[in-house]
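J.: let me see the structure of the following:
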Amino acid sequence: MTLFIDADACPVKEECIRAAERLGVPVKLVCNGGIRPSAHPLVETVFVTAGPDEADKWIAERAGEGDVVVTADIPLAAKCVAAGAAVLKPDGEALTTANIGITLATRDLMADLRAADPFRQGGGRPFSRQDRARFSAALDRALRVARR
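T.: Numbering: from 1, shown residues only. A predicted model of the protein is given here:
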């Protein structure tokens, strides 16, 4: 079992490392660069070549049954779910075979709407302390289930 983190813009890297440390789970922080490598013995920082979706490709090629993936990238999540990995968004929402289809369709619809209306830009709500707590609880659950 491995915890894969799509680390370039992940707001919960520290929570992932703390949970992995508690449970003795190896972690792969995958990024294009720009983050400081961790000195923690369970954490390997993987730097992929620069380019669009290189970190996503690296994770998708390796994640599978028994692994846990943390990502906000919905296409990557869909590939990992199809491979049998447990997937969590940074707000703690689990992406599964039951909801990944509608999540991917919603993402595509919203991208089309933003492209059609230049005034419909902007991000979502700010990342909150409640999101962080919800994520930590969901990650603990996912890691415990994956260990079985």
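J.: name the next helix or strand downstream of the host helix or strand of Asp108, please.
T.: Following DSSP states H and E, one finds Asp108 within helix 100-116. The C-terminal neighbour of helix 100-116 among helices and strands, as given by DSSP H and E, is helix 129-147.
J.: run through who's touching that next one.
T.: Here helix 129-147 makes contact (Cβ atoms under 8 Å, 6 or more residues apart in numbering) with 1, 3, 11-12, 15-16, 18-20, 22-23, 25, 66-68, 70, 86, 88, 90-94. Placement of C-beta: from N, CA and C, glycine included.
J.: quick check: ChimeraX command selecting the buried ones in the residues you listed.
T.: The following ChimeraX line selects those of these that are buried, judged by 16 or more other Cβ atoms under 10 Å:
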select :1,3,12,15,16,19,20,23,25,67,68,70,86,88,90,91,92,93,94
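J.: residue ranges with poor pLDDT in the protein?
T.: 110, 112, 120-124 (pLDDT under 70).
J.: quick one on the thing from earlier: the contacts of helix 129-147 in strands, which ones?
T.: If you go by DSSP state E, the contacts of helix 129-147 have 3, 68, 70, 86, 88, 94 in strands.
J.: buried residues in the helix holding Asp108?
T.: 100, 103-104.
J.: just send the ones in strands among the contacts of helix 129-147 back as CSV, with distance to Asp53 too.
T.: Listed next are the ones in strands among the contacts of helix 129-147 as CSV, based on distance: Cβ to Cβ, whole Å:
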residue, distance to Asp53
Leu3, 20
Val68, 20
Val70, 17
Ala86, 21
Leu88, 19
Ala94, 23
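J.: most widely separated two among the residues you listed?
T.: Leu3 and Ala94 (14.4 Å; Cβ to Cβ).
J.: for the residue nearest the centre of the chain, which non-adjacent residue is closest in space?
T.: For the chain, Thr71 is the residue whose C-alpha lies nearest the centre (Cα atoms, centre = their mean; 1.6 Å). Spatial nearest neighbour of Thr71, chain neighbours left out: Asp6 (3.7 Å); criterion: Cβ to Cβ, 6 or more residues apart in numbering.
J.: bridged to the one you found, which residues?
T.: Val30 (DSSP bridges).
J.: now do the contacts for it.
T.: Here Asp6 is in contact with 30, 55-56, 59, 69-73, 76 (criterion: Cβ under 8 Å, 6+ apart).
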